[in-house]
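*Asks:* A predicted structure for the sequence below; I have some questions about it.
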Amino acid sequence: LTAYDKIRFATGDTNSVTFSGLISNWHKSSTTGQQYNHLRKFTALITLIFLSIYAAAQLSAAGKVLHVLFQWPSLLGTNLAAALVLSYCLVGGLRASIWTDSIQAMLMIGALAILLMSAVDHAGGMNIIFTYLNSIPNNYLDLGVERFGSLSSLLLFAIGWLFNGIGTLGQ
């Protein structure tokens, strides 16, 4: 049985629909019916804090973009973005949020394709790019100690990657 199977079976056994609900009901006794509600509240609080910070960063970024593009005050752009997100979530619910994410992904893929074509054109064509790529040494991407200068630099690099992965799990 894999860890995913255990989680799937435990979710069915406890009738949990969220991860915090699952871990608070993980050792629920069938005789006492005891739940770990303090654990549920703690995980809900952590989720609320980190997702609030994430949402604030997104709204702040929207305000900054509107400031750069149209010279609007950043606060106006942030409030406008918040009102727009709130309105389409209230009108369309989760489906609207999913469609918005899908449209954003399509726009980003299209923008990346345009950026790639522009970069190739600016470089002088694919032949020049391949010539440059062939001139790069084979060990360029080696992650050995000599690339970082010291073992402590390599260790700091590894710790950074570790915490980056933990942040992803938090979302």
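*Replies:* Here it is on my side, so go on.

*Asks:* just name the shakiest helix or strand of the protein by mean pLDDT.
*Replies:* Taking mean pLDDT, DSSP states H and E as the measure, the helices and strands of the chain show their lowest mean at helix 145-148, namely a mean of 64.

*Asks:* low-confidence regions, the chain specifically.
*Replies:* 28-35, 143-149, 165-171 (pLDDT under 70).

*Asks:* show me where it has its helices.
*Replies:* With DSSP state H, the ranges of helices along the chain come out as 3-14, 19-25, 37-70, 74-123, 126-134, 145-148, 151-170.

*Asks:* please identify the most buried of these.
*Replies:* Ranked by mean neighbour count, the helices of the chain are led by helix 19-25 with a mean of 18 (mean count of other C-beta atoms under 10 Å). Just so you know, the C-beta spots here come from the backbone N, C-alpha and C atoms, and that holds for glycine as well.

*Asks:* and for it, what are the contacting residues?
*Replies:* 7, 10-11, 14, 16, 35-37, 39-40, 43-44, 47 (C-beta atoms under 8 Å, 6 or more residues apart in numbering).

*Asks:* hmm, 10 Å instead?
*Replies:* Under the contact criterion C-beta atoms under 10 Å, 6 or more residues apart in numbering, helix 19-25 has outside partners 7, 10-11, 13-16, 18, 34-47.

*Asks:* what about it, distance to the chain center?
*Replies:* Taking C-alpha atoms, centre = their mean, to the nearest Å, the mean C-alpha location of helix 19-25 is offset from the chain mean by 22 Å.

*Asks:* output it as CSV, nothing but the C-alphas.
*Replies:* Extracted in CSV, the C-alpha atoms of helix 19-25 (Å, rounded to 0.1, in the frame of the first residue of the first chain):
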residue,chain,number,x,y,z
PHE,A,19,-6.6,17.8,4.2
SER,A,20,-7.0,19.5,7.6
GLY,A,21,-10.2,17.5,8.2
LEU,A,22,-8.4,14.3,7.3
ILE,A,23,-5.5,14.8,9.7
SER,A,24,-7.8,15.8,12.5
ASN,A,25,-9.9,12.6,12.0
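
*Asks:* shift numbering so it begins at 521
*Replies:* In the new count, where the first residue is 521, that last one comes out as helix 539-545.

*Asks:* gap between residue 561 and residue 567?
*Replies:* 11 Å (C-beta to C-beta, to the nearest Å).

*Asks:* go on, residue 558?
*Replies:* 15 Å.

*Asks:* can you verify my assumption that residue 576 contacts residue 598?
*Replies:* Yes. Counting by C-beta atoms under 10 Å, residue 598 is a contact partner of residue 576 at 8.9 Å.
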